[in-house]
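>>> coords below, sequence missing:
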């Protein structure tokens, strides 16, 4: 099949069984490797769905400039969509994100505005959002997708990602866990899985230095893409049964193990998710199945301690 453009290749990423990292007596752990998705992350799915929903509603036209605050992958996804569809795109990012993220956004032809992270990622993201909304107020041709509250974000996971997981697993799924960023992944996938498998146990996963759901303090951390220091409107707080907190050290070590033991070259937040999935698998035990997401690829972390 010849794709009319790269967006036609979206999705259908592999679901991979972990073989060397799972302890004896645990449930099997299956990981959805979104690093092989178009644009190298799960966020290209949501970027495309938000823009196409806006196109259908008439919220954007050929003269629109897309402006979005993001800690990384959503910005890369929107930059890619803008490149394919011909939209000027401006991404507003904390200056604490990896250099690779900034370069990838620019490489797709988008512009980058950096906001200083003074040690509180929540305040920084809030300032990024305020900057985007101010630009929209000043220019009617600016469209801000607002991934943290845009319903097209979780919807693509209800209607696409979750159904892929169910088809690929071909068995009941007993556990699911995902890091909390925009809330779209855990809400969309979690709702669909919970509907199909009412017994499923779902864990929300947070960085230790931004465990806002667990009542923790907000600082800066290395688990980029999750733990933005806010409780997003897209998050269904009734969908998860427990919260698991992961330190930067555990996330990085687990991501390194994924490469060295399983051959999966993925980012730091993948380590976050798998650290939780391994604990959930121990809890559920043999004969059960746990699924989690590897949100992105490792190549956008060369400048971080993941490669130290």
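Nice, I can see it. Bear in mind the structure is a predicted one, so any value in this text is a computation, not a measurement.
>>> contacts, neighbours, all on C-alpha from now
OK.
>>> For the stretch 1-150 of the chain, just list every one of the strands.
15-17, 28-33, 65-69, 88-94, 111-115, 142-143 (DSSP state E, counting those that start in this stretch).
>>> Need the winner for burial among the ones you listed.
Highest mean neighbour count of the strands of the stretch 1-150 of the chain: strand 65-69, a mean of 26 (counted as mean count of other Cα atoms under 10 Å).
>>> Other residues contacting it?
75, 82, 87-93, 125, 128-129, 132, 141-146 (Cα atoms under 8 Å, 6 or more residues apart in numbering).
>>> now for the strands of the stretch 1-150 of the chain, which one comes closest to residue 264?
For those, proximity to residue 264 was assessed by Cα to Cα; strand 28-33 is nearest, at 8.2 Å.
>>> can I get the strands of the stretch 1-150 of the chain in TSV with mean pLDDT?
Compiled in TSV, those are given as follows (pLDDT from 0 to 100):
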stretch	mean pLDDT
strand 15-17	98
strand 28-33	98
strand 65-69	97
strand 88-94	96
strand 111-115	96
strand 142-143	98
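>>> so which of those gets nearest residue 258?
That would be strand 28-33 among the strands of the stretch 1-150 of the chain, by Cα to Cα, at 10.6 Å.
>>> elements contacting that closest one?
strand 15-17, helix 268-284, strand 289-294 (3 or more Cα pairs under 8 Å, 6 or more residues apart in numbering; DSSP states H and E).
>>> Let me see the ranges of the helices in the stretch 101-250 of the chain.
121-138, 152-156, 162-169, 184-196, 248-262 (DSSP state H, counting those that start in this stretch).
>>> Residue 127 versus residue 267, what's the distance?
25 Å (Cα to Cα, to the nearest Å).
>>> of the two, who's got more company?
residue 267 (30 against 19; other Cα atoms under 10 Å).
>>> Compute the distance between that one and residue 99, please.
14 Å.
>>> One more: residue 33?
Residue 33 sits 23 Å away from residue 99, taking Cα to Cα as the criterion.
>>> same thing with residue 56?
34 Å.
>>> try residue 136
Using Cα to Cα, one obtains 26 Å as the distance from residue 136 to residue 99.
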